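J.: sharing a sequence plus its predicted fold:
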Amino acid sequence: MTENQNLESLQTPGAVFFIFGATGDLARRKLFPAIYSLYREGKLAEDFAVIGVARRPRTHEEFRDDLYRSIQEFCRYKVKEDDLETWTKFAEHFSYKSLDIHNIDGYHELRDLTESVEDRFNIPGNRLFYLALAPELFGSVSFNLKKGGMLASEGWHRLVIEKPFGYDLSSAQKLNEELSQVFKEEEIFRIDHYLGKEMVQNIEVIRFGNSFFEPLWNNKHIANVQITLSETVGVEERGGYYDHAGALRDMGQNHMLQMLTMIAMEAPSRLYPEDIRDEKVKVLRSLRPYESEEDVKAHVVRGQYKSGESHGKEMLGYRQEDKVDPDSNTETYFAAKVFVDNFRWAGVPFYIRTGKRLPVKTTEVVVEFKQMPTNVYLGQKHNLEPNLLVIRVNPMEGIYIKINAKKPGSESKIEPFAMEFCQSCQVGINSPEAYERLIYDAANGDSTYFTRWDEVAAAWSFVDRIASAWAKNPSDIQMYPAGSWGPEQADELLALDGFHWWPVNGQEEDNVIWIKQ
Ligand code: BG6
C-alpha cells in the first residue's frame, strides 16, 4: 500500500456538511476548528463542502471571516502567514445560507445551493445535517428537510444532534418518534462529546488489551469505582438553559452514565458499533433503580453552590447568576451511589459525582481494588493501601497505578508508589479534540461513539426516578460554598461504606512516592 492509498483510506467520503446554528457558540468553538483540523491532517479530501445555516443574514465572505477568527482562537492548528494559500483553498469549501427553519421555500433555495456545491466539488449526494440547535427544533427541521427536498439526493443522509435528547423519558420518546418518521435509527448520530474524548475511548483498550486488569475487573477484586466530573466554571451565560436542566440532566443522564457503561460493560464479541452498544445498554439495564424517595435520599446527594472564593476570587452564588431564578432549587452538584446488579458487579458501589464551581476541572475514574490481607505484616509498622488504577480523562490524559512496595533501605517499611503514564505530558502528543473524532466518525458512518436510542431511554428511566423524588421535595438541597468540593453528605455516602473519595487531578497524597515518566 502506498502512502497515498493509506491516506485515502483514512479520508472521509465526499459529503456536504450542513451546520444548522452556524453563527452559534458550538460552531465557533468546536465544529469549525474540528473541520479545519481534519483538513490539515489530510482526513478531509477536496470533495467536501460545508454550508452554514442560520437565521442571521450573512454573505459567504462574512461567514468565512467568522470561520477564520474561530480557527485562530480555538483550533489546535493556526493559520500562519505562509499557509494562506491552503487557507483560501479550505475556506472556498464554505458557504452560508440564511434560513428561517420553518419556511419551506428557504429549504428549496438551500437545495439549489447544495446542488451547486456538489457539482463544484464533485460530491456524490452524501449529506450530513448537524443540528447545533435547541432540541425543540430537531423535529420540525427534520420534517422540513424532507419536505424541502433535501433528502432526495442519491447518496447517504445522516442527522447529527446534540444533547439534551429530551428532558425525561416521555419527552425523549416523543422526540425520537418525530425523528424516526424522517430518519432511520442508523442514520441518527446522537452526540455525547465525552465519548469522543481520547481517554474515554482508551478505557476499552486499557481494559480489554491488558491481562493485568481484565481478570481482576469484577466484584471479587474491586472494592469500588469512583467517577468524578468536576468543573471550576459556574453556569456562565447558560443560566436560562441550566436552571431548567440541572446537573443530573446536564451531566448525569449522559456523560456520567456513558462513562460508567464503558467501565462496567462486558467485552463485546467484536469491536463493531452494534456489538459495543449492545454491551453498554446491558449495563444501563442492570442499574439498580431507586425504589422510593427515601432510597433516593439515602443514595443521592444534591447541592447548589452559594457564594464563596475560588482561586482567590470572590464568586457569586448560583441564585445570583444571570437568568437564574433567585429562589432556584436547581442542583449544580450531585453525587450518587449506584449499583450495577449483574454477575460481574454485584455488591460493588460505583460512586459518581459532578458539580460546577468545584476546586479543579477534572474528569477521572478511580478503580479501587480490595485490600490484601495484612496478617503477614502482623506486628510490623506498615502502611498497606489498596491498589488503585486511575484513568485521567481531562485535562490531564493518562493513567496511573498505585502499588505497595518496600521503602528502599528501610528495614521493612512499606510505602505506596504511584506509577504514572501521563499521555498529555508527552511532547508531540496533541490529542484530537472530541468533536474532530465524532465528525469524522459520523461522516464515515461509524456510530460506535454515539448513543443509540435504547441507551438513551434506559438512562432516562434511571434518572427519572431521582428527578421525580427531588421534585417532591424541591427545597431539600444542600448548599456548598463556591470553590469547595461540594456538600459534606457526599463524603458520608462513601464513609458509611468505609471508603473515601481519592484525590483527583494530581492533587497528590503526601505519603505516596510518585514515579513519573
Ligand atoms: C456539557 C455540559 O455537555 O459538558 C456543560 O452541558 C459542561 O455544562 C460540559 O460544562 C463539560 O464538558 P467538558 O468537555 O469541558 O468536560
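T.: The structure has been received and is ready for your questions. Numbering: from 1, shown residues only.

J.: who's in contact with whichever residue of the stretch 201-350 of the chain sits closest to the ligand?
T.: Nearest to the ligand, among the residues of the stretch 201-350 of the chain, is residue 250, at 4.7 Å (CB to the nearest ligand atom). All C-beta spots, glycine's among them, are computed from the backbone N, C-alpha and C. Listed by CB atoms under 8 Å, 6 or more residues apart in numbering, the contact set of residue 250 reads 164, 242.

J.: shouldn't it be within a helix?
T.: Yes: Residue 250: assigned to a helix according to DSSP: H, G, I helix; E, B strand; the rest coil.

J.: measure it to residue 354 for me?
T.: Using CB to CB, to the nearest Å, residue 250 is found at 8 Å from residue 354.

J.: hmm, back to that, from residue 280, how far out is the residue of the stretch 201-350 of the chain closest to the ligand?
T.: Residue 250 is 20 Å from residue 280, by CB to CB.

J.: and residue 505, by the same measure?
T.: Taking CB to CB, one finds residue 505 at 26 Å from residue 280.

J.: which one's more surrounded, the two?
T.: Remark: of residue 505 and residue 280, residue 280 carries more neighbours, 25 against 17, as counted by other CB atoms under 10 Å.

J.: could you find the closest non-adjacent residue to the more buried one?
T.: With sequence-adjacent residues excluded and distances taken as CB to CB, 6 or more residues apart in numbering, residue 280 is closest to residue 261, at 4.0 Å.

J.: next: residue 479.
T.: Closest residue in space to residue 479, ignoring its immediate chain neighbours: residue 306 at 4.6 Å, by CB to CB, 6+ apart.

J.: ok, residue 174 next?
T.: Excluding the flanking residues, the one nearest residue 174 by CB to CB, 6+ apart is residue 166, at 7.5 Å.

J.: neighbours around the one you found, how many?
T.: For residue 166, the count of nearby residues is 19 (other CB under 10 Å).

J.: is it in a helix, a strand, or coil?
T.: Residue 166 ends up coil, using three-state DSSP.

J.: how about residue 456?
T.: helix.

J.: what distance do you get for it to residue 220?
T.: In terms of CB to CB, residue 456 sits 32 Å off from residue 220.

J.: what do you get for residue 368?
T.: 14 Å.

J.: who's more crowded, these two?
T.: The neighbour comparison of residue 368 against residue 220 (other CB under 10 Å) goes to residue 368, with 23 against 11.

J.: any idea what the more buried one is bridged to?
T.: residue 224, residue 388 (DSSP bridges).

J.: OK, contacts around it?
T.: Applying CB under 8 Å, 6+ apart, the residues near residue 368 are 222, 223, 224, 225, 226, 386, 387, 388, 499, 502.

J.: surely the second one meets residue 350?
T.: Right, residue 223. No: counting by CB atoms under 8 Å, residue 223 does not reach residue 350; the two are 11.3 Å apart.

J.: higher neighbour count, those two?
T.: Taking other CB under 10 Å, residue 223 and residue 350 do not tie; residue 350 has more neighbours (22 against 19).

J.: now do that one against residue 233, distance only.
T.: 25 Å.

J.: residue 418 now?
T.: Residue 418 is 28 Å from residue 233, by CB to CB.

J.: return stretch 485-500 as CSV; C-alpha atoms alone will do.
T.: Presented in CSV, the C-alpha positions along stretch 485-500 are these (Å, rounded to 0.1, in the frame of the first residue of the first chain):
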residue,chain,number,x,y,z
TRP,A,485,-15.7,20.1,47.0
GLY,A,486,-19.5,20.1,47.4
PRO,A,487,-21.8,19.1,50.3
GLU,A,488,-20.3,17.0,53.1
GLN,A,489,-23.1,14.5,52.6
ALA,A,490,-21.2,13.3,49.5
ASP,A,491,-18.3,12.3,51.7
GLU,A,492,-20.6,10.5,54.1
LEU,A,493,-22.0,8.4,51.2
LEU,A,494,-18.6,6.7,51.0
ALA,A,495,-17.7,6.9,54.7
LEU,A,496,-20.7,4.8,55.5
ASP,A,497,-19.2,2.0,53.4
GLY,A,498,-15.7,2.6,54.9
PHE,A,499,-14.4,4.4,51.8
HIS,A,500,-13.4,8.0,50.9
